[in-house]
Every structure is written in structure tokens, then in C-alpha cells.
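Asker: I would like the atomic coordinates for the input below:
(one chain, ligands or ions: 1)
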Amino acid sequence: MHNKWKFDFKPSFDLAIPGEDLAHDPEVAGVMDICRDLHILDRTLVSDDYDKALDYLGNILPMKVHAVKSGAEVFTWKVPKKWVVNEAYIKDADGKTIADFFLHPLYLSSYSIPFRGDLDKQELLKHVVTNPDRPAAIPYHYHYYKEDWSFCLPYNVVKGLGEGPYNVVVDTRFESGEMKVGEWVVPGQSRESILLSAHLCHPGQVNDGLAGVALGLMLMKWLASSPASHFTYRLITHPENIGSLCYFYKNRHLIPDFKGAVFLEMLGNRNHLKIQYSRQGNTVIDQLMELAVAHNEKPYGVGAFRKVICNDEININGPGINIPCISLTRWPYPEYHTSDDSPDIISMGMIKESLDTCKRFINMLETNWYPARKYTGNLFLSKYGLYEDLNKDDAIEQILLAFEGDKSVLEISQDLDLSFDRVAKYARRFYEKGLVDLNYSPIYREREGSCPEPSKNRLNRQGVIDLDMEDS
Ligand SMILES: [Zn+2]
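Answerer: Presented below is the predicted three-dimensional model:
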């Protein structure tokens, strides 16, 4: 379908995309405030700073917190202990500081075990992580599941190190804590739910994780202040990977309610939008997000499941849960996994475009009705103020034939090669004239019947109609 704007995803930067100053936009300003305020916290899996960030977000819009204790088995995983850093630094022989956790949390690899000692350069370098591609920045590293310690240093610092000795202190401890997932809910008229997800971990970084959380929160505020929706919307924020598993572990009863999910990831850097398709690949969620992105009339990338950016879709859309989950992202960006991933790289224009695209996606979901006619035979268009010159454009005739209740606005727009918006607009006009019902699931119509009965059918996970009625 669409078009000249679409390209196959290949990792590349496009730094020519201009930024914009949109500080006057309250939602954009809201995202920027969150990014600045929570940027430097040591937001790792189970930690006081992670909890602090969650508390801060709960003050913006009230949330539920789902907590799972350290040591608990969550499906095949085990919740780690809380990691506490008393102090951690490297000093040279003159007492000059080479690295200090309290200057930037990335200096110490997350979950480093305790160590104290004086090391020469060669010994020290066995415990130093650096990134020559980004020589002035501190890289990001962690030891979640292998006991070890290390410091992360800018390559320029490593190059300048003398023979030592170096005084190394890693004063950390592990204690029982709780892994926490924050959840915001905006209830709709239906239990059928749409999941938004973004991770809050990644110490001292912004675009990776935090920007998606901030953007999701602004979407929830917008939904909460909008007229009642049909679908229920849930945003969860959590430590990456194991965090979303904790959510599903504690909320297994909700899994059948989810119609689809969107992972919000890296949406503030200057690069094109990309969609990573769901595992199913062609669900209503995939298609509507692609329409929403294409509407921007800018180049956008698409890629298969797990081939663009890897996050919690492996859980959300994974074995035993399998909610179709797309990701919306601007990956890649050169500051990734370094201390350069700071509020400075977040473009307000990119945030605004990401927000608008998500709102448009939600508006399309909400208007992807199955219009079901209440008229019989041809429609007296003039009587209802619907007359259009059929010699110029016969779209309305095609439309009045298509509103049988068995196809969605999206499907009709594809069948008739009309825009989604145009079909949705006709559906709304017909509804306002009392000519159609607007359902959210397809109906089955008896051949002679003139009075459509809403059926219990609903879209299943593949976006395919479950035919749970008998053929007549
Ligand atoms: Zn990351």
C-alpha cells in the first residue's frame, strides 16, 4: 500500500532532521521535564533510585504499583536483589578521581559486586569497559546475572592512564527488595484493552527507556481527559524484560483482554520513525500504526518482529502471552548506551511527532468500526443530505453497499481503495442520520434479515474473525 515514504529498515542515522523548539506545547514540555528530572538517577532493576523515579511519575498521574519480591520465581526467571551503592570510585596515586559513581551512575557497571584494592594499570583494565567509537562518553554496562565488578570509562580517559597504582573502591551490597511495575489505566466502555509499554531502567540515560515512559504518560493524560473511549488503555513501565514478565505474572487474568500492544522506545532522537511489526505481522494494530505513521508524509522504516529493536515484545508477544506487539521507535542513534544519551539529544519536534502519531493511531483504533446498515435496498441519498454526483465519484454507492457489518472501516477502505479517514467519515455521517449501527466487532447477517444482530464474535489475536456461530 502506502507508498513512496516507506523503506525497509536498515540501521542508519539521519542527523539532518531538524529539531524544533516546542517548549510552549504543554505535552512536549511535560516529556522534557520528566526526561530532565529523572535523567541522572541510577534506575537499575531493583534500586532506590528506580523506586524514586516511579514515585515521581505517580505524582504526575496516579498509578497502581505491582511489586514482586527479590528471589521470587517469575515464570522461568528469578527477581534479583536490590542493589545498593554506598560509594564507588577509582583514584590515582595522587588522589585524583578517575571515576566516581556519584558523579555519574554509569561509571560503575550496574550490579557490580564489592571490591577494594590497589591495582596497577594492567589489573585495573581487566575491570574497565570503554567504547572507542564514542571516546568522550561513559559507556553503559551491567552484571545482572554474573557476579563481577567493573567501571565504565571514556576511551579518552583510558588512553591517558599511567601505570598506577590505582585505589579502587566498590562499596556495594545486595539486599532483599521488590521489583516494581507502574501501571496507569484509563478504562473504556469495553474490557478489551490496548497495552502501552516502556521501560524505566537504564541509569543516567534518557532516550533509551525514559523518553518512551514520559511520552506514554502524556498519552495517558490525554486519554484521561478525552471523551470515554471504547477500548481500555493500560500503560506499564518496568525494568526491561523481567519487569514486563512480573506484570503478566501478577495479572494473568488480564491477558485475554488485550487486543494489541505498542512498545514505545527511543522516540526523542533525530531520526525517522520506524515500526517493528508484531510477531503475527499483519494485525489491525500493525496496519493502523502504519497508516498513522504514513500520514506524517515523511520517510518511515518498517521491519519484521525482533529485526528493528529488541525489547519486551519477546514477552508481550511471546510464548503463552502472545499479544500482538508492535514497536514504535527512532532507533538507531549514535549516543546509544552511553552518557551522551542525555536530555540534550531529545528533540522536541521528534517528541511532538511521536505523540501526534500515537494519538492518531488511537483515534483510528477507536473509529475502526464495523458499520452495520439499518436500511434496505438502495438508499435515498438526497433525503438524508448524503447526495453526491455518482458520475463524478461513486464512492458513496460503494460505501452504502459495504456497510454490512461484517467488515471494518479499515477493511472497507482497503477493498474500495479509499482512505481510512474518508470511510470513517462516511460511517459517522450515516450513523448521525440513523442509518447504521457502529459496532466494534463483525456481525453475521441472515440472508433475508433486515435487522442485524450484534454477534459475540471478536477479533482474535491474528486479527482474524473467530466464527463462533454456525453456518446456516
Ligand atoms: Zn538499552
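
Asker: Helices along the stretch 201-350 of the chain, start to end?
Answerer: Shown for the stretch 201-350 of the chain, the helices assigned by DSSP state H, counting those that start in this stretch span residues 210-224, 242-250, 284-294, 313-316, 348-366.

Asker: Can you tell me what sits against the fourth one?
Answerer: In other words, helix 313-316. Residues outside helix 313-316 that contact it (C-beta atoms under 8 Å, 6 or more residues apart in numbering): 195, 197, 241, 244-245, 248, 261, 263, 276, 278-279, 305-306, 321, 323, 325-327. In this view, the C-beta of every residue, glycine as well, is placed from N, C-alpha and C.

Asker: go with 10 Å
Answerer: 75, 77, 195, 197, 236, 238, 240-248, 255, 258, 260-263, 265, 276-279, 305-306, 321-327 (C-beta atoms under 10 Å, 6 or more residues apart in numbering).

Asker: Mind checking which of these land in strands?
Answerer: Counting by DSSP state E, those place 77, 195, 197, 236, 238, 258, 260-263, 265, 276, 325-327 in strands.

Asker: if I pick residue 77, what's in contact with it?
Answerer: Taking C-beta under 10 Å, 6+ apart, one finds 145, 241, 242, 245, 246, 249, 315 in contact with residue 77.

Asker: per-residue confidence at it?
Answerer: Per-residue pLDDT puts residue 77 at 97.

Asker: Run through the bridge partners of it.
Answerer: residue 74 (DSSP bridges).

Asker: Quick one: neighbours of the nearest residue to residue 358 once chain neighbours are set aside, just the number.
Answerer: Leaving aside its sequence neighbours, residue 358 sits nearest to residue 219 (C-beta to C-beta, 6 or more residues apart in numbering; 5.6 Å). Residues near residue 219, counting by other C-beta atoms under 10 Å, number 24.

Asker: Which per-residue confidence value corresponds to residue 219?
Answerer: For residue 219, pLDDT reads 98.

Asker: now residue 5
Answerer: 88.

Asker: which residues does the residue lying closest to residue 373 once chain neighbours are set aside contact?
Answerer: In space, and not counting its chain neighbours, residue 373 is closest to residue 403: 4.6 Å by C-beta to C-beta, 6+ apart. By C-beta under 10 Å, 6+ apart, the residues touching residue 403 are 369-375, 379, 409, 412, 423, 426-427, 430-431, 435-438, 452.

Asker: Could you rerun that using 6 Å?
Answerer: 371, 373, 436 (C-beta atoms under 6 Å, 6 or more residues apart in numbering).

Asker: what pLDDT, on average, does the strand or helix carrying residue 31 get?
Answerer: Using DSSP states H and E, residue 31 falls within helix 26-38. Helix 26-38 shows a mean pLDDT of 98.

Asker: Equivalent analysis for stretch 144-155, please.
Answerer: 96.

Asker: Return the distance of that stretch from the chain's centre.
Answerer: 28 Å (C-alpha atoms, centre = their mean, to the nearest Å).

Asker: Repeat that for stretch 189-206.
Answerer: Centroid separation for stretch 189-206 versus its chain: 6 Å, with C-alpha atoms, centre = their mean.

Asker: Stretch 281-288 too?
Answerer: That offset, for stretch 281-288, works out to 15 Å (C-alpha atoms, centre = their mean).

Asker: How about stretch 66-75?
Answerer: Here stretch 66-75 shows a centroid-to-chain-centroid distance of 23 Å under the convention C-alpha atoms, centre = their mean.
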